[in-house]
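Student: Using only what follows, build the 3D model:
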Amino acid sequence: MENSRFEKIEQVIERLKAMRGLSTAKDVAALLGLSPGDFSNRKGRGTLLAEILHWAIDQGADLNEIVYGMPIERSAPAPALTPDETRLLRAYRAAGRWQEDLVALAELKAAEEAVRARMAAKGRDSPDRAGAGAVARRRVGGGG
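Tutor: Take a look at the predicted model:
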């Protein structure tokens, strides 16, 4: 059991060396702010991991990577909104009870554009614009 704990702390030390580009235990001791003797004593007593974890927390290091060798997967930041997307979001938020109608209108417009694109690809004229407008007005309660 004691051997297993010693092997684990050795793995943690090796990961820390790899993460920080260090090569010796003396380098790790200096990183942690310990003398080489204190580092060795803590390692022998089994209290070095706590010192490493305190250091990692202070530095904002990835504890998961240090302890388990598996960094936490962070998703890429969301792309910034375009000016048109920002305007649309503002309108949606300001719409209050009309939000569903705005969404329905946007979906209808997208479907209309898809139909136009398919018809253009087939060499046909676009659908009757008045018909699509009437459907949109009915959908959002504007009459028909």
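Student: care to break the protein down by domain?
Tutor: 2-68, 83-139 (automatic domain parsing).
Student: which stretch in those is the model least sure about?
Tutor: Note on those: lowest mean pLDDT is at domain 83-139, with a mean of 78.
Student: Which parts of this protein are helices?
Tutor: 2-20, 25-32, 36-45, 48-59, 63-68, 83-94, 99-121, 129-139 (DSSP state H).
Student: out of these, which comes closest to residue 77?
Tutor: The closest of the helices of the chain to residue 77 is helix 83-94. By Cβ to Cβ, the value is 15.5 Å. Heads up, the C-betas are built off the backbone N, CA and C, glycines and all.
Student: So what's the gap between the closest one and the chain middle?
Tutor: 23 Å (Cα atoms, centre = their mean, to the nearest Å).
Student: Packing partners of it?
Tutor: When contacts are defined as 3 or more Cβ pairs under 8 Å, 6 or more residues apart in numbering; DSSP states H and E, helix 83-94 packs onto helix 99-121.
Student: Could you figure out how far the helix it packs on is turned away from helix 83-94?
Tutor: 150 degrees (axes from the mean of the first three to the mean of the last three Cα atoms, to 10 degrees).
Student: Dump helix 99-121 to PDB, restricted to CA.
Tutor: Provided in PDB are the C-alpha atoms of helix 99-121 (Å, rounded to 0.1, in the frame of the first residue of the first chain):
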ATOM      1  CA  GLN A  99     -41.200  36.400 -29.200                       C
ATOM      2  CA  GLU A 100     -42.900  33.300 -30.500                       C
ATOM      3  CA  ASP A 101     -44.200  35.300 -33.500                       C
ATOM      4  CA  LEU A 102     -40.800  36.600 -34.200                       C
ATOM      5  CA  VAL A 103     -39.400  33.100 -34.200                       C
ATOM      6  CA  ALA A 104     -42.200  31.900 -36.500                       C
ATOM      7  CA  LEU A 105     -41.600  34.700 -38.900                       C
ATOM      8  CA  ALA A 106     -37.900  34.100 -39.000                       C
ATOM      9  CA  GLU A 107     -38.400  30.300 -39.600                       C
ATOM     10  CA  LEU A 108     -40.900  31.100 -42.300                       C
ATOM     11  CA  LYS A 109     -38.500  33.500 -44.000                       C
ATOM     12  CA  ALA A 110     -35.700  30.900 -43.800                       C
ATOM     13  CA  ALA A 111     -38.000  28.300 -45.400                       C
ATOM     14  CA  GLU A 112     -39.000  30.700 -48.100                       C
ATOM     15  CA  GLU A 113     -35.400  31.400 -48.900                       C
ATOM     16  CA  ALA A 114     -34.700  27.600 -49.000                       C
ATOM     17  CA  VAL A 115     -37.500  27.100 -51.500                       C
ATOM     18  CA  ARG A 116     -36.300  30.000 -53.700                       C
ATOM     19  CA  ALA A 117     -32.800  28.500 -53.700                       C
ATOM     20  CA  ARG A 118     -34.000  25.000 -54.600                       C
ATOM     21  CA  MET A 119     -36.200  26.500 -57.400                       C
ATOM     22  CA  ALA A 120     -33.400  28.600 -58.700                       C
ATOM     23  CA  ALA A 121     -31.100  25.500 -58.800                       C
END
